[in-house]
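**Q** only geometry, no sequence info:
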DNA sequence: TATATTTGTGGTAATATTTTGATAAAAATA
DNA sequence: TATTTTTATCAAAATATTACCACAAATATA
């Protein structure tokens, strides 16, 4: 069950939205005052925030998002506001904010957004297709005919490196730097073996060997 | 400044994505309807298209891509879709430098893809043309009539040396230093043979022999 | 802590590339 | 033109690189 924290100073609107949310099966924490919300941040794990920007209070939605982001860079946040300038400002400073909605809005519209975002963030994510493979970057899963191929961390990192720049040739050093990091000083034979393991698990992957240089995915 | 054309019929998603794009500094043309987009194609130069496949309209993403490709074979296109089958179909018909992202996606992920593609296609364009040859430095491949010519590491390095300073004359020692490095002390006859091999694989390359000195590409 | 999984290592086999050395061809020189 | 010097060509030999595997070490998991 998702836990949503709702911060809205218009009491009747706040209560109305809360009951909609509960009807959808969400667990709702509600605040009417920015101050109370500010104190609450970090106390419990929240799956989604709905923040009004103007809170008729010394604390605004801006202050809240700052504290939220300092603790969690990814949790989705929906802003609501009556003024377009506020939304522009939020978009200017936020890349993590997943949505905004202008007031006045219909509760139904808000609920649609909430459902979408929760689905997007928590259940679905970005996929890449290659041959018969379906690679889910966020979940770090590879499917082949709907069957999961179990890749280790290094194997997945390597795959991702190849996919993020299809066709590019990587030298052994490039690969060592990307996968093992700058301060790895072991043998570069590990690259060969990692390549071998990835090839074995994903035979349809077209990994070319560039003799004397490195590898590339075509 | 890159110009992106966004075609998406979900109005709120369209607007959200548009503001993300604008925040990244892109110039955005947005369409909610396939028909409007179809009419627009060709009117202005677009650097990247983001097309939803299902447009809830008589016109679909397929129709758009067809017209786009008839005018420009290379412009990058990102497709979005809620259905895997759609992506499969697109994969079947499209070979360009495209990308696909399944709905629902996070705006951040889409932005990452966009940034990557634009960088790859426009700034990081490491392609050099010479006669019928197309040399891609990053990929370390050479194409001739879209067919790959397989060069070894030394051969490619030599080619790259010539291309990075077209017309310059290189002595054998120059070449030994660049390709084999300072601490190679074998015979300089190896240069001849490497030249021979490169000439054989790329006959249209105009490598002149400078009697008593070395070689140059004209 | 015990167990399972993942990652690194070293050796060998398999491959691909480069060098060598011999000879032919071309260019310069006298 | 004859001679010398330099370059082109080729294939076999030498070398370098990569694939593969089994096991050890390290790391994560229960």
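**A** That came through, no problem. None of the values given here were measured: they were computed from a predicted structure. Numbers count the residues shown, from 1 in each chain, chains lettered A, B, ... in the order given.
**Q** Residue A:115 against residue A:21, yeah?
**A** No. Applying CB atoms under 8 Å as the test, residue A:115 and residue A:21 come out as separate, 10.4 Å apart. Heads up, the C-betas are built off the backbone N, CA and C, glycines and all.
**Q** how near is the closest residue to DNA strand D within chain A to residue A:217?
**A** Shortest chain A-to-DNA strand D distance, computed as CB to the nearest atom of the strand: residue-wise this is residue A:209, at 3.7 Å. For residue A:209, the distance to residue A:217 under the criterion CB to CB, to the nearest Å works out to 11 Å.
**Q** Who has more neighbours out of these two?
**A** Neighbour tally, residue A:209 and residue A:217, criterion other CB atoms under 10 Å in any protein chain shown: the higher count belongs to residue A:217, 20 against 11.
**Q** can you tell me how far that one sits from residue A:46?
**A** Here residue A:217 is placed at a distance of 40 Å from residue A:46 (CB to CB).
**Q** just residue A:81 next, same as before
**A** Using CB to CB, which is the criterion applied here, residue A:81 is 20 Å from residue A:46.
**Q** Ok, residue A:55 next?
**A** 17 Å.
**Q** ok, the two, which is more surrounded?
**A** Applying other CB under 10 Å to residue A:55 and residue A:46 shows that residue A:55 carries more neighbours, namely 23 against 20.
**Q** List the contacts of the single nearest residue of chain A relative to chain B.
**A** Among residues of chain A, the one nearest chain B by CB to the nearest CB turns out to be residue A:212. It sits 3.5 Å away. In this structure, residue A:212 makes contact with B:152-154, judged by CB atoms under 8 Å, 6 or more residues apart in numbering or on different chains.
**Q** Looks to me like it is in a strand.
**A** No. Using DSSP: H, G, I helix; E, B strand; the rest coil, the assignment for residue A:212 is coil, not a strand.
**Q** ends of stretch A:116-130, how far apart?
**A** Counting by CA to CA, to the nearest Å, the length from the leading to the trailing residue of stretch A:116-130 is 27 Å.
**Q** Could you do stretch A:3-18 as well?
**A** Using CA to CA, the end-to-end distance of stretch A:3-18 comes to 12 Å.
**Q** That stretch: which residues count as buried?
**A** Counting neighbours by 16 or more other CB atoms under 10 Å in any protein chain shown, one finds that the buried residues in stretch A:3-18 are A:4-8, A:13-14, A:17-18.
**Q** Could you identify the helix or strand that succeeds the least confident helix or strand in chain A by mean pLDDT?
**A** Sorted by mean pLDDT, DSSP states H and E, the helices and strands of chain A end with helix A:84-93, the least confident at a mean of 60. Counting by DSSP states H and E, the next helix or strand C-terminal to helix A:84-93 is strand A:99-102.
**Q** Does the residue of chain A closest to DNA strand D touch residue A:218 like I think?
**A** No. Checked against CB under 8 Å, the pair residue A:209 and residue A:218 is beyond contact range at 11.4 Å.
**Q** pLDDT of stretch A:171-186, averaged?
**A** Across stretch A:171-186, pLDDT averages out at 90.
**Q** Outside of that stretch itself, list whatever touches it.
**A** The set of residues external to stretch A:171-186 that reach it, using CB under 8 Å, 6+ apart, is A:154, A:157-158, A:161, A:170, A:188, A:190-191, A:194, A:213-215.
**Q** Take the residues you listed and keep only those in helices.
**A** When the contacts of stretch A:171-186 are checked against helices (DSSP state H), the matches are A:154, A:157-158, A:161, A:190-191, A:194.
**Q** re the thing from before, buried only: go through the contacts of stretch A:171-186 for me.
**A** Neighbour counting by 16+ other CB under 10 Å classes A:157-158, A:161, A:170, A:190-191, A:194, A:213-215 among the contacts of stretch A:171-186 as buried.
**Q** Dump the residues you listed to TSV, plus distance to DNA strand D.
**A** Below are the buried ones among the contacts of stretch A:171-186 laid out as TSV (distance: CB to the nearest atom of the strand, whole Å):
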residue	distance to DNA strand D
A:157	13
A:158	13
A:161	16
A:170	11
A:190	9
A:191	8
A:194	10
A:213	6
A:214	6
A:215	7
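**Q** which among the residues you listed gets closest to residue B:130?
**A** For the buried ones among the contacts of stretch A:171-186, the minimum distance to residue B:130 (CB to CB) is 21.0 Å, reached by residue A:213.
**Q** and the closest one, what does it touch?
**A** Taking CB under 8 Å, 6+ apart as the definition, contacts of residue A:213 comprise A:169, A:171-172, B:140, B:153.
**Q** Tell me the secondary structure of residue A:79, please.
**A** For residue A:79, the secondary structure call by three-state DSSP comes out as strand.
**Q** these two touch, right, it and residue A:61?
**A** Yes. With contact defined as CB under 8 Å, residue A:79 reaches residue A:61; the gap is 6.2 Å.
**Q** Give me the pLDDT for residue A:121.
**A** At residue A:121 the predicted local distance difference test score is 66.
**Q** Spit out the contact partners of residue A:18.
**A** When the contact criterion is CB under 8 Å, 6+ apart, the partners of residue A:18 are A:6, A:28, A:30.
**Q** Hmm, residue A:6 and the last one touching each other?
**A** Yes. Taking contacts as CB under 8 Å, residue A:30 lies within contact range of residue A:6: 4.9 Å.
**Q** Now for those two: what residues contact both?
**A** Counting by CB under 8 Å, 6+ apart, the common neighbours of residue A:30 and residue A:6 are A:14, A:18.
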